[in-house]
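1. everything below, folded, please.
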Amino acid sequence: MKTIRTLFSQPAAKAAAALLVSILSLQQLDAQVCSAPLTTIYGLSNSGNILPITVSNATVAAAMNPAYPGGSSSANAIGYNATNETFYFFENGGSSATQKFVSFTPATNTYTVLANSPITAGVNRGCVSFNGMAYYCLDGNGNLCYYDIPTNTWTLIGSVYTDQFNNNTSSNFSSLTSGDMAIDGLGNMWIVASSSAHWGLFRINAPLPTSVTANISVTQLIAPTTTTPGGIVFAGIAFNTTGQIYMSTPNDLYLLQNNYTLSHLGTFSVAGSGADLTSCSYPIGVLPVSWTGFSAVLENNGSVLLNWSVDQQVNNQGYAVERSRDGSNWENIASLDNQPSEGQVSYQATDANPAAGINYYRIRQKDLDGQSSFSTIQSIEIAGRAKSVQIWPNPARTHIQIQTQALAYGENIRAQIFSQSGQPVSVTQLQGSSSTIDISSLPVGNYVVHVSLPNGETVNQKLVKL
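-> Numbering: from 1, shown residues only. Here you go, the predicted structure:
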């Protein structure tokens, strides 16, 4: 059993004063922090309880922390620092006259009172950076503040925001005073702004400001005129390890789908658990494409047919079909543009010339902002072909590669390229078992590659020039 220790105080760096309160509970912690980052996030009730939440059904476990000395009625703006394994939040999120910014370390059950922020309105949106060096928060007047964790010092960054449409969107952070914020693994900050009537989602792209900034650039992801479900404010936002976004009202948990619609996951088993949210996860890809299927099938003609389906495409540019002979080094053999849809979409591509042996395939999804996600990997084994000819990539822009069994034949092989009208546009004498042909000067269009083997056999393959 643990016992209650004596309270003591110590000076805090660059702060007028800080009180260190150390309380060891009479029971062991009910949950191990970060033991299940895929399935568990953490809620903060207004009374200051830090509560593990199972995302699949909104079940709430017992509080991880002992009651704060003197009690709390407006705790908010929690963020978890995975570097020092400490929670940061406002034990009292009121005005500067009453606010109290604290940290709580589960390993020792230690509360620490930290320096007061320079903001004057209530604070209900907060988060910690992925590197554990900073805490950010927003007050009800839209003031963005930066707290330097190592030095226990604050900086008021600003309250003027401009979106990607060059609109001044500052009022969204002062009129929609509820909500929350979270930072992903790339350093981007995601902000929910909410009232009981409307809500919106915004993102401040990395690198985040750490000093006074006259105009803060934001990206509007969901219009702030979107109706809140049930007329209840959104109060929390948190990621899991795969980049899914969970949002909460004080009593209900939601999943934000990739098409920016909401799915209700459940009502919290303990009322008020969703007054704020945080998690241990800082995912690189947030709201990724949802892969619902991918298959590779060997056709009768020796080609490989690739089919994949995805759901909830958002911010998607398109797909690249990639092939590998060893499972490590990949080449792009086809590209497909995004097919806009709100539901499930299916795609198809063909590898007309797989190489003998094992061929590995994967699909790379490309976002408009340059990020990528990958499908699972499928493999197809092609039986050895004594007289096989492989031509890739297809489609191609500048060069094609032709691989043959020329060494087995003991002589050179000729490859011709014909236009759709049957006119020869290129003749190449292949050297060895693999040759590269420059097609950069050919106009965009469809062609036929004709390879003549020494035994009289011919191979014809359609080529698409990009």
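
2. what is the end-to-end distance of stretch 32-50?
-> One end of stretch 32-50 to the other measures 12 Å (C-alpha to C-alpha, to the nearest Å).

3. for that stretch, buried residues please.
-> By neighbour count, and taking 16 or more other C-beta atoms under 10 Å as the criterion, the buried residues in stretch 32-50 are 33, 36-37, 40-46, 48-50. Bear in mind the C-beta positions are built from the backbone N, C-alpha and C, glycine included.

4. again with stretch 76-83
-> N76, A77, I78, G79, Y80, N81, A82.

5. hang on, the earlier thing: out of the buried residues of stretch 32-50, the closest to Y447 would be?
-> When the buried residues of stretch 32-50 are compared for distance to Y447 (C-beta to C-beta), P37 comes out closest, at 51.3 Å.

6. would you confirm that the closest one contacts P283?
-> No - P37 is not in contact with P283 according to C-beta atoms under 8 Å; the separation is 9.6 Å.

7. anything in contact with each of these two?
-> When contacts are counted by C-beta atoms under 8 Å, 6 or more residues apart in numbering, P37 and P283 are jointly contacted by N240, T241.

8. got JSON lines for the buried residues of stretch 32-50, with distance to H450 and pLDDT too?
-> Formatted as JSON lines, the buried residues of stretch 32-50 follow (distance: C-beta to C-beta, whole Å; pLDDT from 0 to 100):
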{"residue": "V33", "distance to H450": "65", "pLDDT": "86"}
{"residue": "A36", "distance to H450": "59", "pLDDT": "89"}
{"residue": "P37", "distance to H450": "56", "pLDDT": "90"}
{"residue": "T40", "distance to H450": "61", "pLDDT": "94"}
{"residue": "I41", "distance to H450": "60", "pLDDT": "97"}
{"residue": "Y42", "distance to H450": "65", "pLDDT": "97"}
{"residue": "G43", "distance to H450": "67", "pLDDT": "97"}
{"residue": "L44", "distance to H450": "70", "pLDDT": "96"}
{"residue": "S45", "distance to H450": "74", "pLDDT": "95"}
{"residue": "N46", "distance to H450": "76", "pLDDT": "92"}
{"residue": "G48", "distance to H450": "77", "pLDDT": "93"}
{"residue": "N49", "distance to H450": "75", "pLDDT": "95"}
{"residue": "I50", "distance to H450": "71", "pLDDT": "97"}
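
9. related to what we said a few turns ago, which ones among the buried residues of stretch 76-83 map onto strands?
-> Where the buried residues of stretch 76-83 overlap with strands, as defined by DSSP state E, the overlap consists of N76, A77, I78, G79, Y80, N81.

10. so how far is M247 from the first one?
-> The one in question is N76. With distances defined as C-beta to C-beta, to the nearest Å, the gap from N76 to M247 amounts to 15 Å.

11. mind listing the helices for the stretch 251-400 of the chain?
-> Counting by DSSP state H, counting those that start in this stretch, one finds no helices in the stretch 251-400 of the chain.

12. what about the strands in it?
-> Using DSSP state E, counting those that start in this stretch, the strands of the stretch 251-400 of the chain run over residues 252-256, 262-267, 277-278, 290-298, 304-311, 316-324, 331-337, 345-351, 357-367, 372-374, 378-382, 390-392, 399-403.

13. circling back: okay, and which of the buried residues of stretch 32-50 map to strands?
-> For these, the ones inside strands are T40, I41, Y42, G43, L44, I50, with DSSP E as the criterion.

14. pretty sure the first one is touching T54, no?
-> The reference is to T40. Yes - the criterion here is C-beta under 8 Å, and T40 meets it with T54 at 6.1 Å.

15. average pLDDT across stretch 165-185?
-> Regarding stretch 165-185, the rounded mean pLDDT is 92.

16. again with stretch 337-354
-> Mean per-residue pLDDT for stretch 337-354: 82.

17. let's number from 646 now, not from 1
-> Let's use 646 as the start, then, which means that last one is stretch 982-999.

18. chain center to that stretch, what's the gap?
-> Distance of stretch 982-999 from the chain centroid (C-alpha atoms, centre = their mean, to the nearest Å) equals 22 Å.

19. one step back: mean pLDDT for the strands of the stretch 896-1045 of the chain: which is lowest?
-> For these, mean pLDDT drops lowest on strand 1017-1019, to a mean of 71.

20. need the strands for the stretch 696-845 of the chain, in chain order.
-> In the stretch 696-845 of the chain, the segments counted as strands under DSSP E, counting those that start in this stretch are 704-705, 721-726, 731-737, 745-750, 755-758, 768-773, 779-784, 789-793, 798-803, 806-807, 823-828, 834-839, 843-849.

21. pipe the ones you listed into CSV and attach distance to S1018 per row.
-> Below are the strands of the stretch 696-845 of the chain laid out as CSV (distance: least, C-beta to C-beta, whole Å):
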stretch, distance to S1018
strand 704-705, 29
strand 721-726, 25
strand 731-737, 30
strand 745-750, 35
strand 755-758, 39
strand 768-773, 23
strand 779-784, 27
strand 789-793, 30
strand 798-803, 32
strand 806-807, 29
strand 823-828, 19
strand 834-839, 18
strand 843-849, 18
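
22. sorry, back to before: for N1091, state which of the buried residues of stretch 677-695 is nearest.
-> Within these, the smallest distance to N1091 is 49.7 Å, found for P682 (C-beta to C-beta).

23. how much space between that closest one and T886?
-> Looking at P682 against T886, where the rule is C-beta to C-beta, the gap reads 5 Å.

24. any shared contact partners between those two?
-> If you check P682 and T886 against C-beta under 8 Å, 6+ apart, the residues they both contact are S926.

25. ok, and the helix or strand in the protein with the lowest average confidence?
-> Ranked by mean pLDDT, DSSP states H and E, the helix or strand of the chain with the weakest confidence is strand 665-667, at a mean of 32.

26. which residue packs closest to I1022, ignoring adjacent ones?
-> With sequence-adjacent residues excluded and distances taken as C-beta to C-beta, 6 or more residues apart in numbering, I1022 is closest to R1007, at 4.8 Å.

27. now swap in N1091 and tell me
-> Counting by C-beta to C-beta, 6+ apart, N1091 lies nearest to Q1065, which is 5.4 Å off, once chain neighbours are set aside.

28. and this structure, split by domain according to the record?
-> Structural domains assigned to the chain are 665-923, 933-1029, 1031-1111, following automatic domain parsing.

29. what secondary structure does G875 sit in?
-> Look at G875: counting by DSSP: H, G, I helix; E, B strand; the rest coil, its state is helix.

30. confidence score at it?
-> Per the predicted model, pLDDT is 90 at G875.

31. could you do G1077 as well?
-> Per-residue confidence at G1077 stands at 68 (pLDDT).

32. ok, what's across the strand from the closest residue to Q984 other than its chain neighbours?
-> With C-beta to C-beta, 6+ apart as the criterion, Q984 has its nearest non-adjacent residue at 5.1 Å, and that residue is V990. Bridge pairing for V990 (DSSP bridges) gives the partners V955.
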